[in-house]
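Asks: predicted structure and sequence below. I'll ask about it afterward.
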Amino acid sequence: MVLTRNLSVASCVQFLVWLVLWAGRMDAAVVRVDLRSLLTDSARQWSANTTVSFAGSPEFADATERWTIYRPPTYSAAIRPGTEADISKIIKLTTSHNIPFLVRGAGHSYTTTIGDLQNGLDVDLSQWKSLELDTAAKTVTVGPGVTIGEIFDPLYEAGFEIQTGSCSCPSLIGVTLGGGVGRMQGYHGLLIDALVSVRMITAEGERVEASQSSNQDLFWAIRGAGANFGVVTSATYNVKPLTNHGNVLNAEFTFPANMSSAFFRAVESYNDNLPAELASISIIEYNAATNETQVVSEWAYFGPENEGRRALAPIINLGAPISNISIVPWNELTATAGGGIDRVLCQGRTIRDLYNLNLKNYSASTYESSFAQMEKFYASNPGGRESVITLEVFPNQAMAKVPLGDTAFPWRDATAYINPTFTWSEGDNATARAAQELGQKLRSKFAATSGYKSPTVFINYARGDEGLEHIYGREKLPRLAQLKKAWDPKKIFRYNNGLPTQYP
């Protein structure tokens, strides 16, 4: 009996070992799909303007370029589809062969979860640059390759504006799918609040429209969690007539270390009384010329100059040694603000590791201690002196007026976003370790005085290690999971802070 039982156990063990090895061979077979042969096979019948590229070519490098190269995805091939029909083919092909893929608009997603994709397929839509402005309907329709910076002039010249993100280089649609926070959210709302409809390709390769009147559940989901449900090929937005004839008060200040505490207290004074028209982006940075840490702060007021100066009195009255107050046209604000820092912020192929959070409380003491920590970091880690802490103070009056249940976006009560961003050269492991240690500490510090009971983060700013509840909101996840199961049950769109198909 004992011998027989031992033989049975041994047989079971042998079977399990064989099963594991067989499964491993099957997984390896999937990974070893010859993408070159598969994508270049004439049976694909790609349209004439669809291109395929592979590692080593300039086309491949261009199609896979990313804003940050920290924990990046890797690709075996890249494809630039020329038509919606080809995008449908790509989705069906990758699904049938179990090929992981990511869709790229302008390459600015920086959550570390996209690094889970290795040796996959890059689907590059950066060439989809269509832009159609309907002045009678007051709408603009764009393709996924249109960046924020590319919409300013066409709208401004026609007498219109739209709320956007704070940098020029990301895809407008890409920013939208996460919600779209920015300087104008106080009186225009989030970018998703301007969204009228989208055309998209689903996980089944079907072309659909989502709007308030068509596929309403899908339209709800893509406004805040859009990367999980398909490939958006065009989006239509409402636009507004230019505010104040398109003139924006732009005020810029530089505060040395010995004035930083006074500046932070002035920022704190805006708690609960930040005007809807006033927004700010401030940066704690290292000044190589003075060998000191400083604060550079840019404020924009979307209204008459005299009103803007009154709203800015707490900052102006500090008497910053370097300041400049001017009127700039709306279409030039992003490019000129902060002395043109947008050009630096948009440089690609750079290591950037971010530890961002939402805020609804401004805490001078937290900013002061964080300033001191950055001083120590700069002194001890010369290789990390391009690292910064960015504080985006954006009012929320208009976005908070939209009922929380109307869209998937969960954080309409936020009035600021803190963005510690660390950068170092490849191979500088000591700075990398110091940056990651400080990044975690700063994030915990900001969370404690954020005004939220637990950490929360706008999905486009998520690092990917926060937990889904802190990104999507615990209250939103059950419905999002149901819709994920309905529209993408195989979870082929899973690498950008991917949703589950069941929650809890």
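Replies: Arrived safely, thanks for sending. Residues are numbered from 1 along each chain as shown.

Asks: mind checking pLDDT for V20?
Replies: Among the per-residue scores, V20 shows a pLDDT of 36.

Asks: same thing with G338?
Replies: G338 is given a pLDDT of 89.

Asks: in the stretch 1-150 of the chain, what residue spans correspond to strands?
Replies: Using DSSP state E, counting those that start in this stretch, the strands of the stretch 1-150 of the chain run over 51-54, 75-80, 101-104, 120-124, 131-134, 139-142.

Asks: partner strands of the second one, with direction?
Replies: What that stands for is strand 75-80. strand 51-54 (antiparallel), strand 120-124 (parallel) (DSSP bridges).

Asks: lowest confidence element among the helices and strands of the protein?
Replies: helix 2-31 (a mean of 37; mean pLDDT, DSSP states H and E).

Asks: and P321, which of the strands paired with strand 75-80 is closest to it?
Replies: strand 120-124 (46.0 Å; C-beta to C-beta). Placement of C-beta: from N, CA and C, glycine included.

Asks: which residues touch W299?
Replies: Contact analysis of W299 by C-beta atoms under 8 Å, 6 or more residues apart in numbering lists 249-253, 278-280, 312, 315.

Asks: and if we set it to 7 Å?
Replies: Residues near W299 by C-beta atoms under 7 Å, 6 or more residues apart in numbering: 251, 278, 280, 312, 315.

Asks: any chance of those in TSV with distance to L483 and pLDDT as columns?
Replies: TSV is the format used below for these (distance: C-beta to C-beta, whole Å; pLDDT from 0 to 100):
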residue	distance to L483	pLDDT
A251	43	98
L278	36	98
S280	36	98
L312	43	98
I315	44	98
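
Asks: filter these down to the ones in strands?
Replies: Per DSSP state E, strands hold the following members of these: 251, 278, 280.

Asks: which SS class is K453?
Replies: Using DSSP: H, G, I helix; E, B strand; the rest coil as the criterion, the local structure at K453 reads coil.

Asks: which SS class is H470?
Replies: H470 ends up helix, using three-state DSSP.

Asks: do you know how far the residue lying closest to it once chain neighbours are set aside is from D34?
Replies: Once flanking residues are discounted, H470 sits nearest to P455: 5.2 Å by C-beta to C-beta, 6 or more residues apart in numbering. Distance, P455 to D34, using C-beta to C-beta, to the nearest Å: 44 Å.

Asks: neighbour-wise, which of these two wins?
Replies: Neighbours were counted for P455 and for D34 using other C-beta atoms under 10 Å; P455 has more, 19 against 12.

Asks: any idea how far V33 is from F446?
Replies: For F446, the distance to V33 - C-beta to C-beta - is 44 Å.

Asks: more neighbours: the two, which one.
Replies: Ranked by neighbour count (other C-beta under 10 Å), F446 and V33 place F446 first, with 25 against 16.

Asks: count the neighbours of F302 for me.
Replies: Neighbour tally, F302, other C-beta under 10 Å: 26.

Asks: spit out the contact partners of it.
Replies: 184, 187, 243-244, 248, 277.

Asks: show me where the stretch 151-300 of the chain has helices.
Replies: 152-157, 172-178, 216-225, 260-268 (DSSP state H, counting those that start in this stretch).

Asks: which strands or helices does the longest one pack on?
Replies: Think helix 216-225. Counting contacts by 3 or more C-beta pairs under 7 Å, 6 or more residues apart in numbering; DSSP states H and E, helix 216-225 packs against strand 207-211, helix 477-487.

Asks: how far does the shortest one sit from its chain's centre?
Replies: Right, strand 207-211. 23 Å (C-alpha atoms, centre = their mean, to the nearest Å).

Asks: helices and strands around it, which ones?
Replies: strand 195-201, helix 216-225.
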